[in-house]
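> missing the sequence, but the structure's below:
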Ligand SMILES: C[S@@+](CC[C@H](N)C(=O)[O-])C[C@H]1O[C@@H](n2cnc3c(N)ncnc32)[C@H](O)[C@@H]1O
């Protein structure tokens with residue numbers, strides 16, 4: 001009898017094929033030690049399609065490329081929360097009022113949207129000159145979640161005091177326990193599917209701030225450099241790039257100067 005609760009063996013060759021697919025689609029490099037994690041995460045897809053091996057699953061993706069969306073969705077990290085790495089937002093609260101023009105802000109790997117909405121709340125609190133946020137991710141399913149702007153109310157534990165009432169609506173009846181981002185913020189945030197390893201949309205324009213956080217660490221040095229170089233024309237001189245606190249752009253030849261840990265100013 002086969003044990004359906006355990007994934008079949010993922011051999012080295014299939015693991016390499018999966019890694020290659022992930023890297024070609026997103027630029028991310030799955031670490032060598034992720035073999036078991038990958039097998040467990042994809043097991044449900046094998047069961048759904050009644051497949052007995054990962055080789056058969058990869059053949060299925062060759063025949064039906066849309067299945068790859070599920071593979072990526074299951075394997076790519078998308079952890080996020082409101083006001084993650086809060087020092088960035090505190091800095092923006094001080095910096096945005098120094099702009100004499102409407103601020104253009106980009107959350108460039110926004111996952112389910114918490115980062116983009118945090119940015120929107122900070123902009124609403126701090127600028128009187130107007131603002132717009134672009135929220136993008138390569139994963140359109142995540143972007144739909146981001147655009148819906150509905151979250152478990154427990155997520156509000158990360159909000160500064162008083163901001164839940166100011167920037168969100170709290171659900172009642174069947175929506176009890178949920179928060180919804182208020183219309184005043186929603187009308188100024190635009191969502192677009194953008195894969196940062198591909199050519200960027202030609203009409204992006206220039207931003208005052210780009211948040212590219214908790215993604216770069218998954219790229220190899222060359223991909224990291226390519227992605228950052230592609231972003232540079234879209235960050236105006238004097239604008240800020242913010243990366244994750246555990247990420248580094250050390251050694252890359254970019255027109256940026258460090259301002260604070262994980263914050264860089266465009267030259
Ligand atoms: C760990 S989450 C980080 C979310 C948020 N920036 C934060 O710091 O909380 C990484 C996000 O990067 C996205 N991502 C991965 N590869 C990407 C690519 N090539 N282009 C755009 N987004 C990508 C994933 O879909 C995921 O939502």
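Arrived safely. Bear in mind the structure is a predicted one, so any value in this text is a computation, not a measurement. Numbering: from 1, shown residues only.
> Please, where are all the strands along the protein?
For the chain, the strands defined by DSSP state E occupy 103-107, 131-137, 150-152, 168-170, 178-181, 189-193, 207-212, 235-243, 256-260, 263-266.
> Please identify the buried residues of the fourth one?
Neighbour counts over strand 168-170 (16 or more other CB atoms under 10 Å) mark 168, 169 as buried. Any C-beta I mention is one placed from the backbone N, CA and C, and that applies to glycine too.
> what do you get for the third one?
Buried residues in strand 150-152, counting neighbours by 16+ other CB under 10 Å, are found at residue 151.
> if you look at that strand, does any of it touch the ligand?
No: using CB under 6 Å from any ligand atom, strand 150-152 stays clear of the ligand, coming no nearer than 13.5 Å.
> How about residues contacting that strand?
Identification of contacts with strand 150-152 by CB atoms under 8 Å, 6 or more residues apart in numbering yields 82, 114, 171, 177, 178, 179, 180, 181.
> quick check, nearest of the residues you listed to the ligand?
Nearest to the ligand, judged by CB to the nearest ligand atom, of the contacts of strand 150-152 is residue 114 at 6.6 Å.
> Please read off the pLDDT at that closest one from the model.
Note for residue 114: predicted pLDDT of 98.
> number of nearby residues for it?
Residue neighbour count, defined by other CB atoms under 10 Å, stands at 20 for residue 114.
> Against residue 126, how distant is it?
19 Å (CB to CB, to the nearest Å).
> With residue 54 instead?
Separation of residue 54 from residue 126 (CB to CB): 50 Å.
> so residue 216 makes contact with residue 246?
No: with contact defined as CB atoms under 8 Å, residue 216 does not count as touching residue 246 (9.7 Å).
> More neighbours: those two, which one.
Using other CB under 10 Å as the criterion, residue 216 and residue 246 rank with residue 216 on top: 20 against 11.
> ok, that one to residue 87 distance?
Distance from residue 216 to residue 87, by CB to CB: 18 Å.
> cool, residue 39 as well?
Counting by CB to CB, the gap from residue 39 to residue 87 is 38 Å.
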